[in-house]
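Enquirer: The sequence isn't on hand, but the structure is:
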């Protein structure tokens with residue numbers, strides 16, 4: 001009887017240790033992603049690459065190489081160009097969604113702010129070897145010239161040319177100050 005009890009306790013302890021999962025740190029955000037060559041959604045964690053405080057989200061997390069961690073703590077890398085879609089939630093419960101850029105732009109992952117008649121997204125990229133990054137904003141409309149960067153400066157002129165037939169949108173372009181303002185203008189443009 002003692003041998004049986006010892007055997008049962010040994011089996012239970014082995015099972016408990018085998019089921020132990022990795023304890024994630026606060027800078028390892030829960031993530032879901034889809035690879036371009038697959039339709040399966042994979043759940044994992046992504047390593048935040050913040051320069052000053054790891055627990056604070058940084059766009060550098062999704063530039064070039066994504067550092068992932070599976071449920072058992074095993075680390076692996078994904079190339080930015082192999083990922084079709086990724087979403088993750090940071091420590092402040094903000095959801096970040098990145099999608100593959102249109103193929104003809106050859107950009108990798110971009111943050112989509114609006115998808116409609118004219119799509120609006122941001123591409124983040126490293127500017128030097130030290131990990132500093134910058135971004136470029138794009139407005140893409142089928143069969144039209146791409147509007148790139150400086151949306152609130154010189155590119156605003158191109159946006160006004162695009163909206164020349166819509167007086168109400170032109171006045172809104174003159175008063176826009178934030179990305180949200182531009183998204184609202186694009187939603188109105190979708191309805192035209």
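Expert: Yes, it's here. None of the values given here were measured: they were computed from a predicted structure.
Enquirer: can you map out the strands along the protein?
Expert: Listed in chain order, the strands found in the chain under DSSP state E are 28-35, 41-47, 65-69, 75-79, 83-89, 95-100, 109-114, 118-126, 133-141, 147-148.
Enquirer: partners of the third one in the sheet?
Expert: Pointing back at strand 65-69 there. Sheet pairing of strand 65-69 (DSSP bridges) gives strand 41-47 (antiparallel), strand 75-79 (antiparallel).
Enquirer: most tightly surrounded among these?
Expert: Each of the strands paired with strand 65-69 was given a mean neighbour count from mean count of other CB atoms under 10 Å, and the largest, a mean of 17, is that of strand 41-47. Where C-beta positions appear, they are placed from N, C-alpha and C, glycine not excepted.
Enquirer: Would you check that residue 117 makes contact with residue 188?
Expert: No - applying CB atoms under 8 Å, one finds residue 117 not in contact with residue 188, separated by 10.2 Å.
Enquirer: looking at the strands of the chain, which is closest to residue 56?
Expert: Comparing those against residue 56 with CB to CB, the closest turns out to be strand 28-35 (11.1 Å).
Enquirer: Which other helices and strands does that closest one contact?
Expert: When contacts are defined as 3 or more CB pairs under 8 Å, 6 or more residues apart in numbering; DSSP states H and E, strand 28-35 packs onto strand 41-47, strand 65-69, strand 83-89.
Enquirer: and the angle from that strand to strand 109-114?
Expert: When axes from the mean of the first three to the mean of the last three CA atoms, to 10 degrees is applied, the directions of strand 28-35 and strand 109-114 differ by 90 degrees.
Enquirer: Residues contacting strand 28-35, please?
Expert: Among residues not part of strand 28-35, those counted as contacts by CB atoms under 8 Å, 6 or more residues apart in numbering are 24, 40-48, 57, 61, 66, 68-69, 78, 82-91.
Enquirer: run the last query once more with 7 Å
Expert: 40-48, 69, 82-90 (CB atoms under 7 Å, 6 or more residues apart in numbering).
Enquirer: same thing with stretch 178-192?
Expert: Outside of stretch 178-192, the residues within contact range by CB under 7 Å, 6+ apart are 113-114, 116-118, 120, 151, 166, 169, 172-173, 176.
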